[in-house]
Each structure stands twice: as C-alpha cells, then as structure tokens.
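can you look at this prediction? I've put the sequence above it.
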Amino acid sequence: MRTFAIATMMLASALLALLWGLAMADASAAEVAMSHRLPEGVLPALGCWFWTEEEFAPGGYHAFIDLTSRHAAYNLLTTSIRAPLKEVADPAVHAQVKAAAAYAREHGMGVVMDLDVRLARAAFQRAYPDELQQMLRLREVNLSGTGQVGLRVTSDNLRDHYTFRTTDYIPLAGRLVRVYSYVRGADSIEPATVRDITRERCTVNSATAKEVTVAIACDAQTAGRTACVMVAFTHFTPAVFAPHLLEFQRQLIKSYADAPLAGVCKDEWGFPPCFDGCPAKNDYWFSSFRAQAYAKRTGGRDLLRDCLLMTHGEGGRSRERQAAINHLLEMSTLRNGSIEHDFYCATKDTFGPKAMVATHPTWWPYPGTREFKKNGLSWWRATRDFAQVDEVTPFACRSSLAKKWGSAVWYNMYYSRAVTDYETSIWSHALGGGRVNFHPIYPSNAKRGWRRRALLQGGLMRGNCRIRLLNFITRAPLDCPVAVVFGHACAMNWAGPAYSDVGLGVANGLWQAGFPADLIPSSEIGGPALKVSADGFVQYGPQRYVAIVLYHPEFERPGTATLFRKAAEGKTALHRVGEWTTTFHGKPFDGRQALPGAMQASDDAGACVRVVVDQLRKLGVKPQSSAAATLGGFGHQSASPGRTGHCRLLDGTEILLAGTKKVTGDPIRTSFDVGGHEVAVDAIGVVGVRLGSDGSLAALAAGGLKHFAVGGLTVQLDHPADLALWRDTKGKLHGVLQGWEGPVPPSLSALTSDWLRLAVPPPVPE
C-alpha cells in the first residue's frame with residue numbers, strides 16, 4: 001500500500017535531507033523553487049480544484065496544475081468533480097484521477113480527492129436499489145360530510161453542487177404511506193379523535209415520481225374533521241440510514257488505493273438539501289431503516305404516528321411531542337456523525353495515518369434550521385485532521401472545531417465574486433486563528449479561465465505567502481478564554497423555548513469585546529474532548545476556560561448537571577442563560593436545583609456578555625483585537641476580525657497582522673509584550689513571536705523584517721526579509737527565508753546555519 005500524506009509528507013526523504021541539512025551560502029534555482037514542499041510539522045496551504053469536462057480530456061489536468069504550481073502556493077488541492085455524468089466509481093474516471101494525482105505530485109502538490117458516495121449514486125442504486133432516500137410529505141385537507149375529497153401531493157427536484165450539471169436528487173417514485181383523520185382544537189389536534197383511515201377511506205388515483213393523488217371517501221362521520229395525507233417520494237441518493245451505506249463508502253475509498261492521493265474529502269454530507277429548513281413544509285427525511293431505528297431507540301414508537309404529533313401538536317401531549325422531536329433530530333446528529341467518522345477511518349485504513357481527510361461538514365454556513373434538517377448539526381462529530389468550515393461560518397464555530405480536532409488552525413473554504421473579498425479574508429481568517437482554502441471566484445458569468453487566474457493576479461498570493469510564514473511556527477490554536485455551551489437539543493426543537501438559538505448572541509458579543517469564545521454544542525458533554533481538567537478548569541481539547549456559559553439547557557441529560565457541578569469545585573467561572581425545566585425524554589425537571597448554586601444566571605445574551613466581560617477584566621485576562629467587522633451572507637450576520645490587529649495562541653505565541661491598506665501587508669513598527677518581555681519590531685504585514693520561559697526566542701515569523709529585538713537578541717537587516725525561525729524538540733533553531741536571493745545575511749546565519757529557501761510564486765500577468 002502506498003501511503004501519501006498531507007503536505008508535510010510529500011517531500012521525499014532524500015530531498016528533505018538535502019534541503020534541511022544544507023548550510024546555504026547561496027541559493028540555487030532548484031532550492032528557491034521549493035514553494036510547495038514543506039518540512040514535517042508545517043501547516044499546509046489549501047486550494048480548491050473543481051473538475052469540469054476539460055479535466056477529463058487526455059492530459060486535461062495539466063493546465064490547472066501547471067498554472068497553480070507556478071503562481072500559487074498551494075500544497076494540497078481539495079478536488080471534486082463538477083462535470084456531467086461522471087461518477088468516481090467509473091473506471092475511466094478512476095484512471096484520470098490517478099494520472100492527475102501523479103502529475104500533481106511531480107509538481108509538488110497533493111490531490112485530496114472527493115470520494116463521497118453522492119458521486120457514485122448510480123453505482124449505489126445498482127447495488128442496493130431498495131436503500132434509497134425517501135422524503136415523507138405531510139399535507140392536510142378538510143373533509144366533508146358527503147362525497148369525496150381529493151388531494152394532490154407533488155415531489156421536489158433537489159440539487160446541490162454534487163449534482164452540478166448532472167442528474168439531480170430526482171424523485172424516482174411516489175407512494176401513499178398513511179392517512180390520518182382527526183378533529184382540530186384551537187391550536188392543536190384533539191388526540192382522542194385521531195384515526196388511521198388509510199385502508200378504510202382512501203383510494204390512490206395516481207402514484208408517480210412527480211405526484212401522488214388520493215381520494216378520501218366522506219360521509220357523516222367525517223364532517224368537520226381534517227385528514228393528514230402522508231406520501232413518500234424516493235430520491236436518487238443513498239438513504240442516510242441505509243444498512244449498506246458504510247460498506248459501500250469503504251469499498252469506494254478502497255478502490256482508489258492504487259492512486260497516489262494525498263487524502264480524501266467529503267463535502268457537506270447529510271440528507272439532500274432543503275432550503276426551507278425544519279420542519280417547514282411538514283416534510284421529513286424518511287426510510288424504513290430510519291423508522292426501524294426510531295422504534296428501537298424509543299421502545300417501539302411508530303415514526304409515522306409521531307410525525308403527525310411532531311408536526312401539528314396534540315392537546316395534553318406537548319412534552320411527549322418535544323421528546324419525539326429530540327429523538328428524531330438526535331438520530332440525525334448521531335447517524336451523520338458516524339458516517340463521517342467511518343469515512344475518516346476508511347481513508348486512514350486505505351492511504352495511511354498521514355493521509356488528509358477534508359473538507360467541511362458545514363452546508364448552510366450557520367448553525368440553524370437548515371443544518372438541523374440536513375445533518376442534525378453534526379459538525380462537531382465529523383472527524384477531520386484539521387477543523388474545516390466554509391463561506392461565512394461564524395468564527396466561534398471555527399475556533400471550537402479546531403479545539404475539538406486538536407488542529408493548530410482551521411481552514412475555511414471561501415469564495416466570492418470579488419477578489420477584494422478574498423483580500424479581506426486572508427487577513428481576517430489569520431486574526432481569527434485560521435487560513436483560507438481558496439475556492440475560485442464564484443459565482444461569475446466570466447469564462448472559466450478568468451475565474452481560475454483572478455486570484456493569482458495582483459498581490460493576493462503575495463500577501464498570503466506572508467501569512468504562510470506563520471505556518472512554520474504555529475503549533476497551537478487561538479486562545480479563547482470563554483466557552484459558550486449551547487443546548488443542542490433545545491436549539492433544534494421547534495416545539496421548545498429557544499428554537500434555532502445556539503447562543504451566537506453571547507459568542508459574538510465576546511468576540512466583539514476582544515475575548516474570543518468557542519461555541520460548543522452540549523452534545524459534546526460526556527465525550528472525551530469536553531471535561532474538567534485535573535487542575536480544575538473546564539477544558540475542550542487543549543483549551544482551558546476562564547469562564548463558561550451554559551446557554552438554554554432545556555432538554556439536557558443528567559450528564560450536563562454532573563459536569564457543571566464538578567466544574568463548580570474548580571477554577572472556571574460558571575454562567576447560565578435560560579431555564580431547565582424538562583428532560584430530554586419530556587419529563588419535568590428542576591434544573592436550578594440540579595445545577596450548582598455558584599452558577600450566575602443572566603436574563604439574556606446581552607446581559608450575559610456584560611457580566612462575563614467585566615469578570616474577565618477583573619481577573620486580568622488580556623483582550624485581543626476586537627472582532628469589530630461583520631461577517632454577512634446566507635441570511636445571517638456574525639462577528640469577524642478585521643484586516644489589522646493582534647491575537648494570541650494557546651502556547652503564548654503573540655501575532656500582529658496588518659493588511660488594511662495593502663493586501664501584501666502594511667508596516668508594523670512597534671513594541672509589545674510577550675510573556676512579560678518587551679519585543680521591538682519593524683516589519684511588514686506579519687509578526688508572530690513565541691518566547692521561552694526565560695525570555696529566549698522560541699519562534700519568530702515576520703514579513704519584510706528589518707529589525708527585531710528581545711532581551712539580548714537583536715536582528716538588524718539591511719534589506720527587508722520574509723522569514724521564520726523556530727526550535728525543534730531538541731532546542732535546535734531552524735529557519736526559512738522566503739523570496740530571498742543571495743547569501744543568508746550575517747545576522748541570520750549567526751542564529752543558525754540551517755536555512756530553507758521558499759519561493760514566492762509570481763502573479764499571473766493581467
């Protein structure tokens with residue numbers, strides 16, 4: 001088996017020894033060209049590659065690889081198909097992917113190929129025709145006292161980028177499942193009046209992929225009653241609860257074991273997209289397998305009957321309704337999370353432990369109703385090597401995902417129709433603890449060639465190369481002193497007190513005040529990542545929190561109270577917004593009694609932010625730059641860092657960034673404190689510094705550096721240099737010079753003889 005890794009693995013051992021061991025007096029052309037191959041432990045730079053018909057022509061992959069290897073600094077290409085009727089299960093597609101991956105390796109880049117089962121839907125249908133996804137549609141009609149009442153239920157033709165210019169998630173068949181009649185009260189169904197009338201009164205007049213029409217016989221017994229008709233449409237995609245889905249997924253990945261891939265990706269996994277969210281239109285993702293799983297976890301309850309309860313509510317059964325919704329949506333969270341995790345494990349089993357698993361589990365880039373229906377908001381269960389998000393996902397989600405997966409940065413697949421938006425993003429992302437995975441200009445009516453070249457013109461890549469210097473010294477994620485733990489079940493429950501409220505009002509307020517906060521679902525409680533540390537702090541991954549906010553804990557399980565009662569004995573300040581009066585299973589509960597008395601309650605998000613910020617300041621927690629900008633799009637807004645400011649990593653690394661006036665970086669001439677030691681610097685765009693406990697230099701990254709001083713160490717350069725310095729585990733200092741020709745300056749060679757040369761790709765001529 002070949003083992004291909006993330007960018008740190010793609011440098012052959014002989015080449016690594018050559019570059020890493022040389023004391024370089026002069027840089028050869030070959031050494032300067034090493035803009036893609038990086039030493040072990042250095043964070044990769046990501047770019048997107050979307051295949052159209054062009055890539056499937058003989059040698060058609062050459063153009064993109066040739067372009068990006070010369071003019072971008074990408075190490076890894078997250079690659080997916082956007083061509084008509086091309087499935088990754090097809091031998092011809094396999095052969096082309098294999099050849100393209102080999103060609104990319106020759107040019108210093110790794111292909112991380114999208115091998116999601118949605119790109120092999122025809123193959124899945126052939127193998128398992130009875131395991132396709134269904135949509136259950138509930139539609140009401142008023143019954144009369146005589147004759148017949150008819151109802152027509154139509155299907156939807158759903159699509160996303162996995163169906164781009166090819167077969168959508170088309171409906172393949174329709175059928176009548178069940179019909180109930182009942183009497184409606186003032187605001188809900190009267191439960192004692194519910195009757196199953198499917199066989200007794202209903203006739204199916206037509207049942208096709210486009211529609212199902214039903215006639216209901218009426219008489220004196222139906223006068224004044226309402227009927228709910230339940231119709232299921234089968235769609236062209238595997239059922240999420242299909243029993244053979246994981247086996248098929250593994251076989252698909254394994255079939256590419258002979259291809260020299262750097263990893264595999266799965267993008268926006270879940271049920272097909274529904275832009276109306278949940279439970280709008282009274283639609284549910286359904287299959288017999290999901291119904292069986294629901295019955296098993298609920299002690300034999302009928303999912304169809306409970307869909308009626310969940311949709312319309314019934315008198316005296318409000319808590320039973322809430323419990324049913326909790327079970328249904330938690331099933332989505334767990335099942336989609338398990339599919340993602342098995343995808344991760346299958347990739348590692350096939351390509352080795354260092355193969356990268358990408359990309360983002362986020363579909364609609366906001367933790368709201370559309371994600372609830374898509375995947376149960378399973379973001380934190382989608383295993384990744386690096387935290388992965390897309391578009392305008394709130395920064396509080398990005399930072400917490402980095403803590404969950406232990407990644408020093410998060411990657412955001414970003415696109416826009418304007419290059420200037422990318423120029424803002426490279427700086428704001430870096431200030432928020434992340435990096436951009438460069439998606440080509442989108443949407444755009446311009447020719448594809450322009451969209452490919454647009455980001456490689458001007459100074460965007462030059463500015464990003466300066467930010468890339470931080471990748472050599474970054475070993476820990478952004479320091480976020482506060483956690484906002486939101487009630488996962490409560491946020492998703494449309495019959496609860498805080499539907500679609502995940503606590504972003506608190507998280508955004510803290511980011512805006514200069515205290516970044518991690519947003520964490522309460523479903524993480526009980527898992528290995530969220531715990532109380534041995535020294536008494538609530539901890540998520542590597543992050544210890546000064547304060548934690550429990551946000552709307554309605555429907556929580558006992559483990560939540562257990563965690564916070566244990567935390568009350570420790571050092572993290574505890575806060576709460578919202579009451580806890582009902583368990584996950586719909587039973588009455590006294591949350592105030594169960595939670596520790598030391599937990600401070602606030603009436604709303606704004607009040608909570610004021611209390612927490614005041615507490616942090618009194619405790620002497622140093623703020624970082626305010627996230628004063630606004631991240632907008634997809635119907636939502638959240639807080640975002642700007643293009644200039646400072647941030648702090650968990651290992652004490654202090655980072656200053658300046659890219660407001662020029663995308664290539666603005667001057668930074670200042671003195672600042674790092675762990676009680678004064679640092680003076682004159683640089684451009686980027687400065688990152690980490691010191692040892694004695695004040696000695698542990699790591700430095702700087703763009704256009706002229707002067708640097710800390711303690712007894714001074715670096716003075718006649719010509720500005722992009723560079724990074726860091727110590728290995730044995731304390732030995734290593735360095736990289738970016739875009740530098742000629743001998744290493746004496747003030748740098750005096751620090752270490754171990755210098756790597758890194759090229760700055762030239763822009764594409766406009």
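Ah, there it is.

packing partners for the host helix or strand of residue 310?
Taking DSSP states H and E as the definition, one finds residue 310 inside helix 303-312. Contacts defined by 3 or more Cβ pairs under 8 Å, 6 or more residues apart in numbering; DSSP states H and E place helix 303-312 against strand 132-142, strand 171-182, strand 226-238, helix 288-297, helix 318-351. Glycine gets a C-beta too; all of them are placed from N, C-alpha and C.

quick one: which of the ones you listed is nearest residue 601?
helix 318-351 (22.3 Å; Cβ to Cβ).

helix or strand right after the closest one?
Assigned by DSSP H and E, the successor of helix 318-351 is strand 356-358.

show me what that next one pairs with in its sheet, parallel or antiparallel.
The sheet places strand 356-358 alongside strand 263-265 (parallel), with pairing taken from DSSP bridges.

hmm, back to that, and the angle for the helix holding residue 310 with strand 226-238?
110 degrees (axes from the mean of the first three to the mean of the last three Cα atoms, to 10 degrees).

hmm, who's touching helix 303-312?
136, 138, 177-178, 180, 184, 188-189, 194, 228, 230, 279, 282, 284, 286, 290-291, 294-295, 298, 317, 320-321, 324-325, 328, 495 (Cβ atoms under 8 Å, 6 or more residues apart in numbering).

point out the most buried one among the helices and strands packed on helix 303-312.
Ranked by mean neighbour count, the helices and strands packed on helix 303-312 are led by strand 226-238 with a mean of 23 (mean count of other Cβ atoms under 10 Å).

quick one: average confidence on that strand?
For strand 226-238, the mean pLDDT works out to 98.

give the other helices and strands that whichever helix or strand comes after that strand contacts.
Going down the chain from strand 226-238, the next helix or strand is helix 245-254, by DSSP H and E. Other elements packing on helix 245-254 under the criterion 3+ Cβ pairs under 8 Å, 6+ apart are helix 121-127, helix 318-351.

just the pLDDT for residue 181.
pLDDT, residue 181: 98.

what about stretch 483-494, how long is it end to end?
25 Å (Cα to Cα, to the nearest Å).

distance from the centroid: which residue in this structure tops it?
The C-alpha centroid of the chain is most remote from residue 220, which lies 55.7 Å away (Cα atoms, centre = their mean).

grab the nearest non-local neighbour of that residue.
residue 145 (5.5 Å; Cβ to Cβ, 6 or more residues apart in numbering).

you'd agree the one you found is up against residue 225?
No - using Cβ atoms under 8 Å, residue 145 is not in contact with residue 225, being 9.4 Å away.

give me the more crowded residue out of those two.
A count of neighbours by other Cβ atoms under 10 Å puts residue 225 above the other of residue 145 and residue 225, at 19 against 12.

show me what contacts the more buried one?
Residue 225 makes contacts with 143, 181, 182, 183, 193, as judged by Cβ under 8 Å, 6+ apart.

low pLDDT regions in the stretch 651-766 of the chain?
Per-residue confidence for the stretch 651-766 of the chain (pLDDT under 70) gives no ranges below the cut-off.

re the thing from before, out of the helices and strands packed on helix 303-312, flag the one nearest residue 548.
Using Cβ to Cβ, the helices and strands packed on helix 303-312 put helix 318-351 closest to residue 548, at 21.7 Å.

what stretches of the chain score poorly on pLDDT?
1-37, 165.

next one: residue 554 from residue 419, what distance?
According to Cβ to Cβ, to the nearest Å, residue 554 and residue 419 sit 45 Å apart.

these two: which is more packed in?
Each of residue 554 and residue 419 has its neighbours counted (other Cβ under 10 Å); residue 554 has more, 22 against 14.

how close does that one sit to residue 589?
Using Cβ to Cβ, which is the criterion applied here, residue 554 is 9 Å from residue 589.

and for those two, which residues touch both?
580, 581, 582.

out of these, which end up buried?
580, 582 (16 or more other Cβ atoms under 10 Å).

between the shared contacts of residue 554 and residue 589, which is nearest residue 597?
Using Cβ to Cβ, the shared contacts of residue 554 and residue 589 come closest to residue 597 at residue 580, 14.1 Å.

leaving out sequence neighbours, find the closest residue to that closest one.
Nearest non-adjacent residue to residue 580 (Cβ to Cβ, 6+ apart): residue 591, at 2.4 Å.

residue 752 now?
The shortest distance from residue 752 to any non-neighbouring residue, by Cβ to Cβ, 6+ apart, is to residue 733 (4.2 Å).

next up, the contacts around residue 462.
Per Cβ under 8 Å, 6+ apart, neighbours of residue 462: 663, 664, 760, 763.

just checking, the third one touches residue 465?
In this case it means residue 760. Yes - between residue 760 and residue 465 there is a contact at 5.1 Å, judged by Cβ under 8 Å.

more neighbours: those two, which one.
residue 465 (25 against 17).

surely that one is in contact with residue 736?
No - using Cβ under 8 Å, residue 465 is not in contact with residue 736; the gap is 11.4 Å.

quick one, domains of the chain?
Here the domain assignment for the chain is 7-121+333-472, 125-243+270-315, 482-618, 643-758, based on automatic domain parsing.

return the distance of the longest one from the chain's centre.
So that's domain 7-121+333-472. 13 Å (Cα atoms, centre = their mean, to the nearest Å).

swap in stretch 254-272?
Relative to the centre of its chain, stretch 254-272 is centred 16 Å away, using Cα atoms, centre = their mean.

the spatially most central residue of the chain in helix, strand or coil?
Centroid check for the chain by Cα atoms, centre = their mean gives residue 389 as the closest residue, at 3.0 Å. With DSSP: H, G, I helix; E, B strand; the rest coil as the basis, residue 389 sits in strand.

can you pull the contacts of it?
360, 362, 365, 397, 398, 401, 410, 411, 412, 413.

same deal with residue 147?
Per Cβ under 8 Å, 6+ apart, neighbours of residue 147: residue 218.

now it: how far from residue 140?
Counting by Cβ to Cβ, the gap from residue 147 to residue 140 is 18 Å.

TSV for the helices and strands packed on helix 245-254, including distance to residue 571?
Output for the helices and strands packed on helix 245-254, formatted as TSV (distance: least, Cβ to Cβ, whole Å):
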stretch	distance to residue 571
helix 121-127	51
helix 318-351	31
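
quick one: which of those helices is nearest residue 108?
Using Cβ to Cβ, the nearest of the helices and strands packed on helix 245-254 to residue 108 is helix 318-351, at 18.6 Å.

quick one: the closest one to helix 245-254, angle?
30 degrees.

so helix 318-351 versus helix 288-297, what angle?
Going by the same axes, to 10 degrees, helix 318-351 makes 120 degrees with helix 288-297.

and helix 318-351, what other elements does it pack with?
Secondary elements touching helix 318-351 (3+ Cβ pairs under 8 Å, 6+ apart): helix 245-254, strand 263-265, helix 288-297, helix 303-312, strand 356-358, helix 369-375, helix 488-492.

nearest to residue 114, out of these?
strand 263-265 (5.0 Å).

name the residues that touch that closest one?
4-6, 76, 78-80, 110, 112-116, 253, 256, 343, 347, 350-351, 355-359, 385.

residues of that strand that come out buried?
Quick answer for strand 263-265 (16+ other Cβ under 10 Å): 263, 264, 265.

list just the nearest of the residues you listed to residue 211.
For the buried residues of strand 263-265, the nearest to residue 211 is residue 265 (37.0 Å; Cβ to Cβ).

what is that closest one paired to in the beta sheet?
Under the criterion used (DSSP bridges), residue 265 bridges to residue 114, residue 358.
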